[in-house]
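In: Sequence unavailable; structure follows:
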């Protein structure tokens, strides 16, 4: 059995992955709140932004954490198409859950179905990302811990959607995002605790890309997207602010006439 190290760089990768999960959750929650206050095309656009933010945050959290993953006795590489597919799955399934909540009239049913769909999607992203691993050996999983990680993912996703429906103040959203970041990170490391590797030394080169060749640049790019989108959302006026501005302009327009 190969020795697994989940934090080869110390607390750097766990801490950074938690920060990325929190940023994705915060941005997603704020965009969902904006969407619920909007109508038509604006609602759709806010929900798309929310889904991309949450999906990107979860994916970035996973692979930033994987930068610190190592196995004694073998190098690790990643299958590029499978890794990209895991990102697409994360955004697509989170989008399904967010749109279910954003457009359904029965909020309770939408919350249940959206939380279940999104949670299973998050878990699918995690294990699809793990399937992209290429190493000299055999990867096995503890079924009980795998099941627990899926349960954590579903609970975390349901809590996130509930927060989007019921929490509106910036401070409350910030607190909810910290909790959500912890829940998503817990799901990841629970899933990683389920992993065991039987190393089979070989001299042949592994296919795929190393983490620094592929994962790191992509994670930096997606992280930059999250930061820039967060700035855009923070600077965009809310529906209440737009209404207040319009109300303030009406008396001025009347006086000019």
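Out: Arrived safely. Remember, predicted model here, so these are calculated numbers, not experimental data.
In: contacts and neighbour counts: CA atoms only from here.
Out: OK.
In: got a list of what residue 48 touches?
Out: By Cα atoms under 8 Å, 6 or more residues apart in numbering, the contact set of residue 48 is residue 95.
In: Which strand or helix spans it?
Out: helix 40-66 (DSSP states H and E).
In: and whatever helix or strand comes next after that helix, what other elements does it pack with?
Out: Per DSSP H and E, helix 40-66 leads on to strand 70-71 as the next helix or strand towards the C-terminus. Contacts defined by 3 or more Cα pairs under 8 Å, 6 or more residues apart in numbering; DSSP states H and E place strand 70-71 against strand 4-5.
In: name the helices or strands packed onto the strand it packs on?
Out: Under the contact definition 3+ Cα pairs under 8 Å, 6+ apart, strand 4-5 sits against strand 70-71.
In: C-terminal to the strand it packs on, what's the next element?
Out: Later in the chain than strand 70-71, the nearest helix or strand by DSSP H and E is strand 76-78.
In: related to what we said a few turns ago, any idea how far the helix holding residue 48 is from the chain center?
Out: Taking the mean of its C-alpha atoms, helix 40-66 sits 6 Å from the chain's own mean (Cα atoms, centre = their mean, to the nearest Å).
In: Flag every buried residue along it.
Out: 43-66 (16 or more other Cα atoms under 10 Å).
In: Please apply the same query to stretch 151-167.
Out: Buried, per 16+ other Cα under 10 Å, within stretch 151-167: 151-165, 167.
In: Counting only helices, which of those residues make the cut?
Out: Taking DSSP state H as the definition of helices, the buried residues of stretch 151-167 contribute 151-165.
In: hang on, isn't residue 35 packed against residue 46?
Out: Yes: if you go by Cα atoms under 8 Å, residue 35 and residue 46 touch, sitting 5.0 Å apart.
In: any idea how far the residue nearest the centre of the chain lies from residue 64?
Out: Of all residues in the chain, the one closest to the mean position by Cα atoms, centre = their mean is residue 58, 2.0 Å from it. Separation of residue 58 from residue 64 (Cα to Cα, to the nearest Å): 10 Å.
In: And for residue 182?
Out: The gap separating residue 182 from residue 64 is 15 Å, by Cα to Cα.
In: Same check on residue 53?
Out: 16 Å.
In: How about stretch 223-235, which residues are buried there?
Out: Going by neighbour count (16+ other Cα under 10 Å), the buried part of stretch 223-235 is 223, 225, 226, 229, 230, 233.
In: export those to a markdown table and tack on secondary structure and distance to residue 101?
Out: Compiled in a markdown table, the buried residues of stretch 223-235 are given as follows (DSSP: H, G, I helix; E, B strand; the rest coil; distance: Cα to Cα, whole Å):
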| residue | secondary structure | distance to residue 101 |
| --- | --- | --- |
| 223 | helix | 26 |
| 225 | helix | 24 |
| 226 | helix | 22 |
| 229 | helix | 22 |
| 230 | helix | 22 |
| 233 | helix | 20 |
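In: Now tabulate those residues in TSV and tack on distance to residue 89.
Out: Shown next, in TSV, are the buried residues of stretch 223-235 (distance: Cα to Cα, whole Å):
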residue	distance to residue 89
223	18
225	18
226	18
229	21
230	22
233	24
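In: for those, which one is nearest residue 75?
Out: residue 223 (25.6 Å; Cα to Cα).
In: ok, now how distant is the closest one from residue 171?
Out: 23 Å.
In: now residue 227
Out: Counting by Cα to Cα, the gap from residue 227 to residue 171 is 18 Å.
In: do residue 124 as well
Out: 31 Å.
In: So which of the two has more stuff around it?
Out: residue 124 (18 against 10; other Cα atoms under 10 Å).
In: where does the stretch 1-150 of the chain dip in pLDDT?
Out: Low-confidence segments of the stretch 1-150 of the chain, defined by pLDDT under 70: 1-2.
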